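# Need a 3D model of the sequence below.
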Amino acid sequence: MSSLPAGWYKDPADPDTQRYWDGEGWLGKAIPADATPPDGPPPVEEEPPPAAAAPTAVPPAAPQPGPPVAGPPPGWQQPSGSPPGWQQPSGPPPGWQQPSGPPPGWQQPPPQGWQQQPGPPPPGWQPPPGWQPPPGWERMPPGMRAAMYPVQARPHGYALAGLGPRLVARLLDILAVLLLNVVVNGWFAYQWAKEFVPMYRATLDEMANGGSAFDVQANGRMDGLLWAMLIVATLLWLAYEAPAIAGSGQTLGKKIMRIKVVAVENTEPLGFGRAFGRWARLGLWTPAWGCAGIGFVLQLIDCISPVFDQQLRQAFHDKTARTVVIALPPDNRQPVDATTGGTNGNGEGR
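From the prediction side, this is the model:
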């Protein structure tokens with residue numbers, strides 16, 4: 001520091017004025033150079049009282065005024081280098097932490113060369129004044145709303161079985177059950193034919209003589225044989241389908257067409273109870289074939305019901321058992337449960 005004693009000296013910044021130097025810095029206001037300075041330092045000036053608060057919003061408080069900035073004494077020069085022993089800070093001050101994330105509202109800037117794709121604005125958006133639509137954008141007519149593109153469901157990561165493969169699989173299963181009926185129901189069918197042929201001839205003779213076909217009544221044995229064949233056919237269908245669906249989820253027709261029945265909530269085997277409930281919604285109408293074909297009509301409606309379910313393609317019997325029919329991939333990879341994993345008793349993936 002300068003060893004200049006305290007006193008009044010000409011201000012280096014303005015030689016026409018003089019200020020008081022206290023040995024460390026300038027104090028008070030400058031006075032003309034030809035004026036007689038007072039003895040000692042200048043008196044401390046009192047700050048004016050603050051003005052009354054206005055009813056408007058109060059701005060942020062300004063920092064408190066500090067002591068007057070001390071100017072350099074006469075003859076003082078800016079040092080050309082750093083003081084001895086001074087070092088550049090090598091790191092942040094103590095207590096400083098790196099921000100953990102961007103500030104609220106910050107968004108990642110687009111990459112260089114990126115251009116926004118033209119498209120319709122979001123619902124409820126209003127363009128600002130003077131806004132021009134992007135190339136290729138067309139305003140939606142009044143009264144119309146944009147609809148989301150429907151996405152096909154993929155239960156457990158597998159595509160839903162198509163209606164064509166499901167129909168072919170059902171026809172193959174009907175053919176398999178029909179062959180079983182030829183073997184098991186053959187005797188009942190032969191006995192029923194022996195009763196039917198005489199009645200048919202009697203009906204033709206009655207109609208040839210001017211009578212009505214309803215004048216010839218079927219005997220009770222024919223009715224009994226018919227109901228017996230329908231019940232046996234129902235039991236054969238149950239024995240063919242329910243155990244297969246309960247275990248592997250596939251009948252013979254479904255294996256050929258590479259489709260499988262699985263539960264909606266997981267890929268575990270359905271079990272016989274659930275498989276029976278699925279079959280019963282469709283198969284228990286078989287005895288009603290003897291009631292003017294009502295059972296056949298109800299089964300036909302059930303079989304075409306997946307056409308009207310655009311989401312999961314569930315038939316009525318699928319909705320009853322909460323199942324869906326999926327298409328297996330070409331590598332025959334079986335559905336695997338993400339929670340349990342493993343394989344079932346047949347060596348197939350669950």
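
# where exactly do the strands run in the protein?
7-11, 14-21, 26-32, 259-263, 323-327 (DSSP state E).

# Make a markdown table from these and add distance to R201, mean pLDDT and mean neighbour count to it.
C-beta coordinates here come from the backbone N, C-alpha and C atoms, glycine included. Converted to a markdown table, the strands of the chain look like this (distance: least, Cβ to Cβ, whole Å; pLDDT from 0 to 100; neighbours: other Cβ atoms under 10 Å):
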| stretch | distance to R201 | mean pLDDT | mean neighbour count |
| --- | --- | --- | --- |
| strand 7-11 | 144 | 78 | 16 |
| strand 14-21 | 143 | 81 | 16 |
| strand 26-32 | 141 | 80 | 15 |
| strand 259-263 | 47 | 96 | 22 |
| strand 323-327 | 48 | 95 | 23 |
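
# how many neighbours does the closest residue to I245 other than its chain neighbours have?
Of all residues not flanking I245 in the chain, A275 sits nearest, at 4.1 Å (Cβ to Cβ, 6 or more residues apart in numbering). The number of residues packed near A275 is 23, by other Cβ atoms under 10 Å.

# Which residue, neighbours along the chain excluded, lies closest to L163?
L163 sits nearest to P306 (Cβ to Cβ, 6+ apart), 6.1 Å away.

# burial of the one you found, as a residue count?
Residues near P306, counting by other Cβ under 10 Å: 22.

# That one contacts K319, doesn't it?
No. Here P306 lies out of contact with K319, judged by Cβ atoms under 8 Å, at a distance of 10.0 Å.

# got the angle between the longest helix seen in the chain and strand 259-263?
Identified as the longest helix of the chain according to DSSP state H is helix 220-247. Orientation check (axes from the mean of the first three to the mean of the last three Cα atoms, to 10 degrees): helix 220-247 against strand 259-263 gives 80 degrees.

# just checking, what packs against helix 220-247?
Packed against helix 220-247 by the contact rule (3 or more Cβ pairs under 8 Å, 6 or more residues apart in numbering; DSSP states H and E) you find helix 163-184, helix 186-208, helix 272-283.

# could you redo the last one with a cut-off of 10 Å?
Taking 3 or more Cβ pairs under 10 Å, 6 or more residues apart in numbering; DSSP states H and E as contact, the helices and strands that helix 220-247 lies on are helix 163-184, helix 186-208, helix 252-257, strand 259-263, helix 272-283.

# Now the common contact residues for P306 and K319.
L312 (Cβ atoms under 10 Å, 6 or more residues apart in numbering).

# Any stretches of this protein with poor pLDDT?
Scanning the chain with the threshold set as pLDDT under 70 gives 1-3, 45-105, 107-125, 134-151, 213-216, 332-350.

# Now do the domain split for it, please.
Per the TED database, the structural domains of the chain span 1-36, 157-327.

# Of all those domains, which one is nearest P43?
domain 1-36 (7.8 Å; Cβ to Cβ).

# what number of residues lie near the residue nearest to L230 when sequence neighbours are not counted?
Once flanking residues are discounted, L230 sits nearest to P287: 4.7 Å by Cβ to Cβ, 6+ apart. Neighbourhood size, P287 [other Cβ under 10 Å]: 16.

# Out of the strands of the chain, the one nearest A244 is which?
Across the strands of the chain, closest to A244 is strand 259-263 (Cβ to Cβ), at 9.3 Å.

# got the CA coordinates for the closest one in PDB?
Output of strand 259-263 as PDB, limited to C-alpha atoms (Å, rounded to 0.1, in the frame of the first residue of the first chain):
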ATOM      1  CA  ILE A 259     -52.900 -72.400 -33.600                       C
ATOM      2  CA  LYS A 260     -53.400 -72.700 -29.900                       C
ATOM      3  CA  VAL A 261     -55.900 -71.800 -27.100                       C
ATOM      4  CA  VAL A 262     -54.400 -69.900 -24.200                       C
ATOM      5  CA  ALA A 263     -55.800 -68.000 -21.200                       C
END
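
# Pairing partners for it, with directions?
strand 323-327 (antiparallel) (DSSP bridges).

# Does W8 have any beta-bridge partners, and if so which?
Y20.

# do I31 as well
Q18.

# where's it relative to G7, distance?
13 Å (Cβ to Cβ, to the nearest Å).

# Now list whatever residues contact both of those two.
In contact with both I31 and G7: 18, 20, 37, using Cβ under 10 Å, 6+ apart.

# Count the neighbours of the nearest residue to K29 once chain neighbours are set aside for me.
Excluding the flanking residues, the one nearest K29 by Cβ to Cβ, 6+ apart is P42, at 7.0 Å. Applying other Cβ under 10 Å, we find 15 residues neighbouring P42.
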